[in-house]
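>>> Pasting a predicted model and its sequence here:
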Amino acid sequence: MTNYIFLINLAVILGVCLSFWLIFLKLIRNIKTTVGGGAGDNSYLLRATAQSHKWRWPSDMHTTTYTGTSTSQRDITVLLLALFQKIFRGREGEYSVIALWGFANAASAFLIYLIGSNYWEPNVALFIAILYISSFWMWQMSLFVAHLNVGTMFFLLAVYFLTQTVGAAPFVINVLLFSTGISFCCMLFASSSSPRYILPFFAALFFAKHQASGFTSLYQTATSSDSLFISLTITLFFAVFLIFIKIFYKKLLTAIYNRRAWFLNGLISAKKYPLEHYLEKAERLLPDVLKWTIKPYIFLFIVVNLVGFNYFIPVLLGFGLIVLVLTLPDIKRSLTFYFNYIYISYIKPGVNSTFMRYIRFGYFSKKGLGMPPHPRGGGILWVPKIFFRMAPFHTLIYISILTALIILNINSISPVISHTSLFLLILTSLLPIIWAEYTKAYQIARSYSSGLIGFLVLTGFGAYVFQNYSFFWPVAVTLLAITLLWNAWKFFSDIYPARMSFNKITESFEKFKIKEIYTYDTFYNESFFDNVKSTPRLQNLKINFIKSLKDVANGWIFIPPTTHKAGYIDGEKSIEQGDFMEDPALNQLLENRAIEKIATAKFKTVYGSDNIWMQEHDVMTYLDLMLHDIKDKDHFRGYAWLLNANELRQFMSSTLFR
């Protein structure tokens, strides 16, 4: 009976995931970039994959064309994008990359069902899979930048392989663990945000090893004389090596510089600077390097002794295979490239955050707010706020199940789970968030979206426990329906229209046969009219810049967003200029909202017309969620408008306009 239910639900979730993705593909047809001039991560990734026919090795993706750091730690994403570009050949712009983000999201929901069926049972698995795919958060990310969706997909694939090891034959277990290592490495090289899943991955590895026999197996593994002896021996050599580097690094660098260090001479390939430069740099970087070398080693030491070498080695071999594939032929150059990016992202985070621009311009000091030297946002208090903003019903369901499990365990004569196991389960569900906070990730929505996967761990277990109560499924199905409808409403009313703003503007220009447009020469217009230049249907559009609405006697007027409190506008320029206030006539129309009465068209934009898109900007989400400094009037200034000059002139000459 269970197998029958599994197959029925499998068909249902496959149909749901495929339907969501096909609808998504339909919605994004002819989608335009939100960043003018071909800049932005998506454009750089497309630029890299456009040169894939020139690659001799996968690592060539970083050097065949300029992409900044957009391909950093995203090798697997770039390889998949090259495939999607071939599948969707003929589609212009960002279609293929956004199609990939959507596919990864749908595939993740399908994998959640497979994993949930192994951890719990098919009905619970179907519940959490639909709960996941119904979230607008992942689809909102897919419409803009969603490397992490690909990382999530490979993380879930690795966990699925682990679920299949339980009760399997030894040879099959090794094959599955090897495949797990491959998927785990693909995860890490799919997105720079994928390390959020490192701790949950090892939690899944630990659970796969000890699921059958529990803590008895854990004790035997941790106290195994062979395993403990080997790991302690390796640790001793590692400690001696670090002490040697700490004491003799100057002599070692001098020997390398003078070409007297044999195979190490290549570490300084060209003497671009005097020896003192390298010695000073080593002295400055060595403490951080040693600290961030010791921490992963301690972590791996614990992991090895918790899961044993028989599980760790096959995973390591699969991991190492993909590392070789991605770094050959010049392993040194590739690894240097990766470690430099890791250093910037995880060892010295926050140095280049947008907050620094605002601090330099005195934005916060003018408000009487003191800021730390390298701020990253609102701290731990920001975390629950972002989840209630981006996934309110998912968060409420998680909190409700968490509370119910704690109450049930405390009040029950026979607890459904030991207090220790419940604590570990809660901890596991929060691991992506804990990792993000520990590594001081940028506090923007997409950086914390991995927390939703963690929530599903506890939600799934809670559903498995409470499904035996008669009230559960009616309540669960009702909540699922409400969640689906609310997320669909939010997506189609705010998120999708804002992302498609340039498409809507283009369609309006064509609908009204506009060949000439009047607008303001302001940087708030840059993204719109940089896109005009790259749009064949609008390349002959004549653009006239004006100082005031009163300058236009006849024709069409385009008014861009006028707020500086928006996510995807150049930070330094917006701070310097503030809201666009140079035209008193326009200001009056906006302040009394009379512009709505006369506008031919009104366009939502990702530049601040709603309270979702701005959560992708570290300063804007801080102003919104922590300082409550973004008001309804700021969102109103985030709209773009199309006006007919004749109707505007009639209105301005009436008694309604003062």
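Structure received. Numbers count the residues shown, from 1 in each chain.
>>> Tell me where the stretch 451-600 of the chain has strands.
516-520, 542-546, 556-559, 599-603 (DSSP state E, counting those that start in this stretch).
>>> Just the helices from the stretch 501-650 of the chain, written as ranges.
Counting by DSSP state H, counting those that start in this stretch, the segments of the stretch 501-650 of the chain that form helices are 501-511, 526-533, 571-577, 584-591, 595-598, 618-621, 632-636, 645-653.
>>> that older thread, dump the strands of the stretch 451-600 of the chain into TSV; add mean neighbour count and distance to residue 574 as well.
Every residue, glycine included, has its C-beta placed from N, CA and C. Rendered in TSV, the data for the strands of the stretch 451-600 of the chain read as follows (neighbours: other Cβ atoms under 10 Å; distance: least, Cβ to Cβ, whole Å):
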stretch	mean neighbour count	distance to residue 574
strand 516-520	19	15
strand 542-546	13	19
strand 556-559	23	17
strand 599-603	18	19
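>>> Distance to residue 482 added to these, as JSON lines?
Shown next, in JSON lines, are those (distance: least, Cβ to Cβ, whole Å):
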{"stretch": "strand 516-520", "distance to residue 482": "42"}
{"stretch": "strand 542-546", "distance to residue 482": "46"}
{"stretch": "strand 556-559", "distance to residue 482": "37"}
{"stretch": "strand 599-603", "distance to residue 482": "29"}
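>>> Pipe these into a markdown table and attach mean pLDDT per row.
What follows is those, written out as a markdown table (pLDDT from 0 to 100):
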| stretch | mean pLDDT |
| --- | --- |
| strand 516-520 | 91 |
| strand 542-546 | 89 |
| strand 556-559 | 93 |
| strand 599-603 | 94 |
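>>> and residue 182, which of the ones you listed is closest to it?
Across these, the minimum distance to residue 182, taken as Cβ to Cβ, is reached by strand 599-603, at 45.0 Å.
>>> Need the contact partners of the closest one.
With contacts defined as Cβ atoms under 8 Å, 6 or more residues apart in numbering, strand 599-603 is touched by 497, 501, 504-505, 508, 512, 556, 596, 639-644, 647.
>>> Flag every buried residue along stretch 243-257.
With burial defined by 16 or more other Cβ atoms under 10 Å, the residues of stretch 243-257 counted as buried are 252, 253, 256, 257.
>>> Just name the closest of those residues to residue 617, please.
Distances from residue 617 to these, taken by Cβ to Cβ, are shortest for residue 253, at 41.6 Å.
>>> Kindly provide the distance from that closest one to residue 331.
In this structure, residue 253 and residue 331 are separated by 21 Å, where distance is defined by Cβ to Cβ, to the nearest Å.
>>> Highest mean neighbour count out of the helices of the stretch 501-650 of the chain?
A comparison of the helices of the stretch 501-650 of the chain by mean neighbour count, using mean count of other Cβ atoms under 10 Å, puts helix 618-621 on top with a mean of 25.
>>> Show me what that helix is packed against.
Helix 618-621 sits against helix 354-360, with contacts defined as 3 or more Cβ pairs under 8 Å, 6 or more residues apart in numbering; DSSP states H and E.
>>> Would you mind measuring from residue 60 to residue 588?
Counting by Cβ to Cβ - residue 60 and residue 588 are separated by 57 Å.
>>> And residue 98, by the same measure?
With the distance defined as Cβ to Cβ, residue 98 ends up 39 Å from residue 588.
>>> Repeat that for residue 550.
Spatial separation of residue 550 from residue 588 under the definition Cβ to Cβ is 11 Å.
>>> ok, now residue 435?
Relative to residue 588, residue 435 is positioned 50 Å away (criterion: Cβ to Cβ).
>>> that older thread, go through the strands of the stretch 451-600 of the chain and name the closest to residue 6.
Closest approach to residue 6 among the strands of the stretch 451-600 of the chain (Cβ to Cβ): strand 599-603, 46.5 Å.
>>> Pop the domain breakdown of this protein in here.
If the domains of the chain are taken from automatic domain parsing, they occupy 2-219+378-496, 220-347, 500-653, with pieces of a single domain joined by a plus sign.
>>> so who does the residue lying closest to residue 109 once chain neighbours are set aside touch?
The shortest distance from residue 109 to any non-neighbouring residue, by Cβ to Cβ, 6 or more residues apart in numbering, is to residue 133 (3.7 Å). If a contact means Cβ under 8 Å, 6+ apart, then residue 133 has 16, 17, 20, 105, 106, 109 as its contacts.
>>> now swap in residue 230 and tell me
Remark: with contacts taken as Cβ under 8 Å, 6+ apart, residue 230 is in contact with residue 309.
>>> pretty sure it belongs to a helix, no?
Yes: note on residue 230: a helix contains this position according to DSSP: H, G, I helix; E, B strand; the rest coil.
>>> That one and residue 310, how far apart?
As judged by Cβ to Cβ, residue 230 and residue 310 stand 12 Å apart.
>>> What of residue 43?
Relative to residue 310, and taking Cβ to Cβ, residue 43 is found at 46 Å.
>>> More neighbours: which of these two?
When residue 43 and residue 310 are compared for neighbours, residue 43 comes out ahead with 18 against 15, by other Cβ atoms under 10 Å.
>>> That one: helix or strand, and which one exactly?
Taking DSSP states H and E as the definition, one finds residue 43 inside helix 41-49.
>>> Give me the helices and strands touching the next helix or strand after that helix, please.
The helix or strand immediately downstream of helix 41-49 is helix 75-87, counting by DSSP H and E. For helix 75-87, the packing partners by 3+ Cβ pairs under 8 Å, 6+ apart come out as helix 41-49, helix 95-119, helix 147-163.
>>> Let me know which of the ones you listed is the nearest to residue 64.
Residue 64 lies closest to helix 41-49 among the helices and strands packed on helix 75-87, at 7.2 Å (Cβ to Cβ).
>>> Quick one: work out the angle between that closest one and helix 95-119.
Regarding helix 41-49 and helix 95-119, their directions subtend 100 degrees when assessed with axes from the mean of the first three to the mean of the last three Cα atoms, to 10 degrees.
>>> and residue 70, how many neighbours does it have?
Close neighbours of residue 70, defined as other Cβ under 10 Å, add up to 23.
>>> That one reaches residue 46, doesn't it?
No: look at residue 70 against residue 46 with Cβ atoms under 8 Å: they stay out of range, at 9.7 Å.
>>> sorry, back to before: could you dump the helices and strands packed on helix 75-87 into JSON lines and include mean pLDDT?
Supplementary listing: the helices and strands packed on helix 75-87 in JSON lines, determined by pLDDT from 0 to 100:
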{"stretch": "helix 41-49", "mean pLDDT": "83"}
{"stretch": "helix 95-119", "mean pLDDT": "96"}
{"stretch": "helix 147-163", "mean pLDDT": "96"}
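>>> most packed of those?
helix 147-163 (a mean of 26).
>>> the inter-axis angle of it versus helix 95-119?
On the basis of the same axes, to 10 degrees, helix 147-163 is oriented at 30 degrees to helix 95-119.
>>> and the next element down the chain from helix 147-163?
helix 170-188.
>>> In contact with residue 593, which residues?
Residue 593 is in contact with residue 636, counting by Cβ under 8 Å, 6+ apart.
>>> number of nearby residues for residue 54?
Neighbouring residues of residue 54 were enumerated by other Cβ under 10 Å; the total is 10.
>>> Can you report how many residues neighbour the residue lying closest to residue 603 once chain neighbours are set aside?
The spatially closest residue to residue 603, leaving aside those adjacent along the chain, is residue 640, at 4.2 Å (Cβ to Cβ, 6+ apart). The criterion is other Cβ under 10 Å. On that basis, residue 640 has 25 neighbouring residues.
>>> my read: residue 640 touches residue 528, true?
Yes: under the criterion of Cβ under 8 Å, residue 640 makes contact with residue 528 at 7.4 Å.
>>> so what's in contact with the two at the same time?
Where contact means Cβ under 8 Å, 6+ apart, the residues bridging residue 640 and residue 528 through contact with each are 505, 558, 560.
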